[in-house]
Structure formats: structure tokens, C-alpha cells
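Enquirer: Need a 3D model of the following:
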Amino acid sequence: MSLENWLLLLTSLAAVVWPAVAVGAYASYRRCKSLVPEQHIDPDPRSRPRVSVVIPARNEEADVEATLRGVLAQEGVHVELIVINDHSTDRTGEIINRIAAEDPRVRALHDPPLKEGWLGKANAMRYGSSFATGDYIIFTDADISHKPGSFVAAVREMEESQLSLLSLLPLFVWESVWENAAAPAFLLAMTNFLSGPIHDPESDDALAIGAFIMVDAEVYRALGGHEPVKSEMLDDVTLARHFKANGERVAFRVAPQCLSVRMYTSARAVFYGSIKNCLAVFGDNFWLAVPLALTFAIGGVSVLSAPFVAIALLNPTLLALGLFVYFEVWLAVVLARSYMQTNLLKLAAFVVGVPILVAAAAVATYQAVFYGSVLWRGRAIRVTE
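Expert: Residues are numbered from 1 along each chain as shown. Prediction:
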């Protein structure tokens, strides 16, 4: 088969696939109920629930202060803030101590002992939750922006829906070219998670995101806390499934007005984040990461290079198909703006994300095969026994 015919075949297939992705992404998102910040706060402090907020922080000096102040500014709940400085090598611990000295609601914990068989983040959350005294515990990350009224809205959703676990989908903010380049792959992953039977009470499938997980403290402890998910890279998803498998009511809500997060800030962050996420998604089948990434790359590069090849070969059909597919990918991400805030111009350069994905998959597989672990935030995470 000639190069010209090969590209015509691939672009024709892609022209069919990406509309399906866009429709699937929209449909799966619409299936999720939404949650918005509560505007009416009960002025009586005696009726306010007690909420313990547990935040593990490792090398988060750039974001941790804004996150902590966003938590402390929440109204309508009695906040107890527990921050775990998880062996940071930057100024994270110093910032946490300063805020704790300013506000008695903050408890600063430093360098929790890492128990054997535990991943670092799960271990930090286990350690922090052991100090929690609230009726509810919120597990959240150190780089999340929490909007006013979001905590009381989550508590009311827990009570009205009689939930034991509630997780919220934040607004994902993509600013740089490199961040926007990762958006199409992220859209595919989110569509895959959201399209599962996560809302079916008869299914054990469930979804949670570490940006915000609220649990009933009593139920959480009765089910073993984080012990059942101590070695899981996707501890958030696994925790929700553990609750559901044990007969507890769990829910996933889209809440871009309640919280937001900027996942990556540079090409380096995109690369190393993709390494960890490759293995988190593939789990024990990590060896699939490279062949699937290469398949994606061959198809992606072929399709995205089609317009340029078409110009060289003077093939108007291939040119039209190539430009159409390029537009389809761009439009699919734009249509997901309900929970993905992208830059429309920078998103047009998403093709640079293909080599990052392939390189990340290759490095992840190499580290897993030869070392049995991957490096994340300066710490080795075991993925094989």
C-alpha cells in the first residue's frame, strides 16, 4: 500500500472515531449530576457540621499556601485542617508551619513514617486521618483551588443523598502549550472512566478523583481507612470501589464551579506525570503501555502529517480529510470546556503531545521492568512485586 493510500485509510478511520469520542465525552459527562457552591449559609454555628480536611503535601511550595487559605475560608462548616508535609525537600514544611502558627484550626504534621507496603500518598492520608475528629473527612490535594461554599454544598449532598463517599470532578485548567498538548489524551482517559457503570448501584464500578473525596468518618474507619488501598496507584478510584463493594452509597459529581486544578505547569511536569499515569492506568499490564502508545503515535502522527503530505503530493482529498480530522480533535476538546479550560490557540499545537506520550510510556515500562518501580516527586513507587 502506498503512503498516500495508507494516509487516506487512517484519516478516514480517524474522521469516524473522533466524532464518536466527542459524543461519548459529552454523553458521559451529562450522565453525572452537578454540584454548585452553596450560596445560603446557615448563620447558626451550632448547626454546622464538623469537617476534617486532610491534605498530603510533598514539594508543593508553589501551591500549598493558596490551597490552605481556600480551605480555611470555607463557611457553613467547622473546619479542622490537617496538613501532612510528606518528606518535602522544598519550603512546603515552612509554609505549613507559618499558617499553622496563624490559625489554631490547622494541625501541621511532618515526615510521617512510611509503613512497609504503603505508597507515600496513601500512607500520608492514613497518618493524617488518624488525627481527624470531624463527622466527615475530606481528602484533597495541595494544589486545589476551593471556591467559597463548596464544602457546605458537599456536606448537604452527602446528607440528602445518604452517601458514605462523595467525590467531585474539578475544573481542569490548561495554560501552556505543553499542558494543552496533553488535553486530547486526557479527554480520552476521562471519557473511559466516566462511561463506565459508575452510577449503577448494582455494579461495583465507581469513580473518585483525589482532588476531592469526602467520606463519612465512621464508615471510613469501619472499612479499614486507607489500608485496603495502601499499595494502589489509583488509590482514589480503588477507595470508591471498596466502599461500593461493601454496600455503601457512593457518588461522583461534576463540580467545576466548586474547585479547580492546574495539573501541569511545564513540559517536564507533563512528561513525568504521564509516566506515572501510564502505569496507574495499565497496572499489572504495564507492558501494554509502549505498544499501545506506539500504535497511538503511528496513527496520530500519520493522520496529523496527512495535510502536509497532501500538499507535497498535490492530493486535495487527503488534504481535506487531514484538516478535517485535525479540526475534529481540536473541537472534541473544546466541547469538553465544561470541565476543561483550554487555550484555543495553544490547543491547536496538540500534536507535540504525541512524542511526549510515547517517550513517557517507554520510560515508564523501562523503569517498571528493570527496577520494578517508577519515580514520582523524587520517590520510587513500586509497580511490580
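Enquirer: only C-alpha atoms for contact and neighbour calcs from this point on.
Expert: Noted.
Enquirer: Let me know whether residue 133 touches residue 52 as I believe.
Expert: Yes: Residue 133 lies in contact with residue 52 (Cα atoms under 8 Å); the separation is 6.6 Å.
Enquirer: Domain-wise, how is the protein divided?
Expert: 3-27+267-382, 45-170+209-261 (automatic domain parsing).
Enquirer: I'd like to know which of these lies nearest to residue 38.
Expert: domain 45-170+209-261 (4.7 Å; Cα to Cα).
Enquirer: Quick one: end-to-end length of that closest one, please.
Expert: 30 Å (Cα to Cα, to the nearest Å).
Enquirer: Any idea how far that domain is from the middle of the chain?
Expert: Distance, stretch centre to chain centre, for domain 45-170+209-261: 14 Å (Cα atoms, centre = their mean, to the nearest Å).
Enquirer: which residues are in contact with both of residue 133 and residue 52?
Expert: Shared contacts of residue 133 and residue 52 (Cα atoms under 8 Å, 6 or more residues apart in numbering): residue 80.
Enquirer: If you count surrounding residues, which of these two has more?
Expert: residue 52 (26 against 13; other Cα atoms under 10 Å).
Enquirer: Show me what the more buried one bridges to in the sheet.
Expert: Legend: beta-bridge partners of residue 52 under DSSP bridges are residue 80, residue 137.
Enquirer: tell me the contacts of it?
Expert: 79, 80, 81, 82, 132, 133, 134, 135, 136, 137, 138.
Enquirer: Please tell me how far it sits from residue 341.
Expert: 30 Å.
Enquirer: Repeat that for residue 57.
Expert: Residue 57 is 25 Å from residue 341, by Cα to Cα.
Enquirer: who's more crowded, these two?
Expert: Neighbour count, other Cα under 10 Å: between residue 57 and residue 341, residue 57 has more, with 26 against 20.
Enquirer: contacting residues for the more buried one?
Expert: For residue 57, counting by Cα under 8 Å, 6+ apart, the contacting residues are 64, 83, 84, 85, 86, 88, 92, 141, 142.
Enquirer: JSON lines please, covering these and showing neighbour count.
Expert: Formatted as JSON lines, the contacts of residue 57 follow (neighbours: other Cα atoms under 10 Å):
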{"residue": "64", "neighbour count": "26"}
{"residue": "83", "neighbour count": "27"}
{"residue": "84", "neighbour count": "28"}
{"residue": "85", "neighbour count": "27"}
{"residue": "86", "neighbour count": "25"}
{"residue": "88", "neighbour count": "19"}
{"residue": "92", "neighbour count": "23"}
{"residue": "141", "neighbour count": "23"}
{"residue": "142", "neighbour count": "26"}
